[in-house]
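K.L.:
attaching a predicted model along with its sequence, questions to come.
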Amino acid sequence: MLNSNGNSLPVDYFYSNLISMKKSLITLFACFLLFITAASSQNSESTNALAFRWNSTNYQLPISQKLDAGDYNSGVELAYIRHLNSHLNLAMPLKLAKARLPLNRIGDTRPEQLTASLDALLQLKLYDPEKFLYPYLLAGAGLMTETKNGWKMNVEFPVGLGLNLRLAPHLYLSLETQYRFDLTENRNSLQHAAGIWLVLGGYHPKDKTADSDKDGIPDKEDKCPDEPGTAALFGCPDSDGDGIANRLDDCPGLPGPAQLRGCPDTDGDGLIDPNDKCPNTPGPAANQGCPELKPEEKEVLEYAQQAVQFETGKASLLPSSRPVLTEIVNLLNKYPDHKLRISGHTDSIGTYEENEVLSEQRARACYNFFVNNGITPERLTFKGYGETQPIADNMYEAGRAKNRRVVFEIYVE
């Protein structure tokens, strides 16, 4: 055998290289077995597969930027695949190949030599493995060995995609393409592989015996495989016990009839409680489910504007104001989901600032009356507007009398 200078190489050189190569291969295979043992021990119900593929690797394409069938090198691989969850696999392929590796950026190659590699890859499953087509993306890291003045190991980062075609429940035709980024110069490569993917035991994520949520219903028949449920609801939970599975229940925390998609309608007005501002009192949808005041009740509020009177220039209620204010208290008790807005107004006699303060004080006096008669403060608001919102002409006494008023508005928030 001649070296690159045409000189004979000693036999000891080949023996030493061969022994070194064997040791490295044994080391790689031991690492491969260690990976399998470690991964399998993580879960007593581990799901596994093996892939046997022929591969072809092109080291010239990244250099020449030209795709030539003559630049491909052949090899074989054995891969262990571990199902991690419904989205990810862990794959560890061990590959052996004969390769003509580039010497430089021109593309000169070394004589054909044996190479070996071991990778750790994550596979992102893009589709249900039970379907005929089972594509995935892959990425990871690996080690590739070569003989270059002895024995050399390169670090590589493969990325790519794969496609499995289901031939039988546990057998796939497996196709894969990778681009391998190598930290060593002139070692980037394009690699294709084809072979078979064999599922071992209960690998398949939708095995008929699998029961992910431990509810006694196999995942194959379970509409909610990640949540424990009942057989009557096809494995789905029913948190509120209304007979409607949570996945179909618009109100999973509140029991309700099926015709309202599991939501309650306490007052029976056709509007479900979550959308009903007055869930305990029936009312039209146009009023957010709250009852509307009757015409005679609205008249009480209109009458109260002028009937509520105060001592001249003060915020002290006259005794004559109490009956109408009591009627408003009765209305608020009748409509417990409604609130009351109190607005104080004055005429233009006096300064602007004085009128604003006086109107605020008179609105507060009414507020205090309602609170003292059992209406919760949370249902009440008040404000003074002074002389800013007249409803009549302040030039005349009749007009000024109309402007001195307190407005009461019952509403739904």
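P.N.:
Done, it's in.

K.L.:
mind checking the pLDDT average for stretch 320-327?
P.N.:
For stretch 320-327, mean pLDDT is 96.

K.L.:
whoops, stretch 225-234 was the one
P.N.:
On average, stretch 225-234 scores 92.

K.L.:
mind checking how far it is from the chain centre?
P.N.:
22 Å (Cα atoms, centre = their mean, to the nearest Å).

K.L.:
pLDDT weak spots in this structure?
P.N.:
The chain contains residues with pLDDT under 70 at 1-46, 128-130, 148-150, 201-208.

K.L.:
break it down into its domains, please.
P.N.:
11-200, 208-264, 295-411 (automatic domain parsing).

K.L.:
would you turn those domains into TSV with mean neighbour count?
P.N.:
(C-beta placed from N, C-alpha, C; glycine too.) Converted to TSV, the domains of the chain look like this (neighbours: other Cβ atoms under 10 Å):
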stretch	mean neighbour count
domain 11-200	16
domain 208-264	16
domain 295-411	16
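
K.L.:
so can I have a markdown table of these showing distance to Pro282?
P.N.:
Formatted as a markdown table, those follow (distance: least, Cβ to Cβ, whole Å):
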| stretch | distance to Pro282 |
| --- | --- |
| domain 11-200 | 47 |
| domain 208-264 | 14 |
| domain 295-411 | 11 |
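
K.L.:
for these, which one sits closest to Gly270?
P.N.:
Ranking the domains of the chain by proximity to Gly270 (Cβ to Cβ) places domain 208-264 first, at 8.8 Å.

K.L.:
now do that closest one: distance to the chain's middle.
P.N.:
With Cα atoms, centre = their mean, you get 20 Å for domain 208-264.

K.L.:
mind listing what Leu260 touches?
P.N.:
Contact analysis of Leu260 by Cβ atoms under 8 Å, 6 or more residues apart in numbering lists 250, 272.

K.L.:
could you redo the last one with a cut-off of 6 Å?
P.N.:
Contact analysis of Leu260 by Cβ atoms under 6 Å, 6 or more residues apart in numbering lists Ile272.

K.L.:
closest to Thr281 out of the domains of the chain?
P.N.:
domain 295-411 (5.9 Å).

K.L.:
for Ala120, list each beta-bridge partner.
P.N.:
Ala120 has these beta-bridge partners by DSSP bridges: Ala141.

K.L.:
err, Thr177, not the other one
P.N.:
Leu161, His192.

K.L.:
how near is the nearest residue to Lys277 once chain neighbours are set aside to Asp276?
P.N.:
Among residues not flanking Lys277 along the chain, Gln288 sits closest, at 4.1 Å (Cβ to Cβ, 6 or more residues apart in numbering). Separation of Gln288 from Asp276 (Cβ to Cβ, to the nearest Å) stands at 7 Å.
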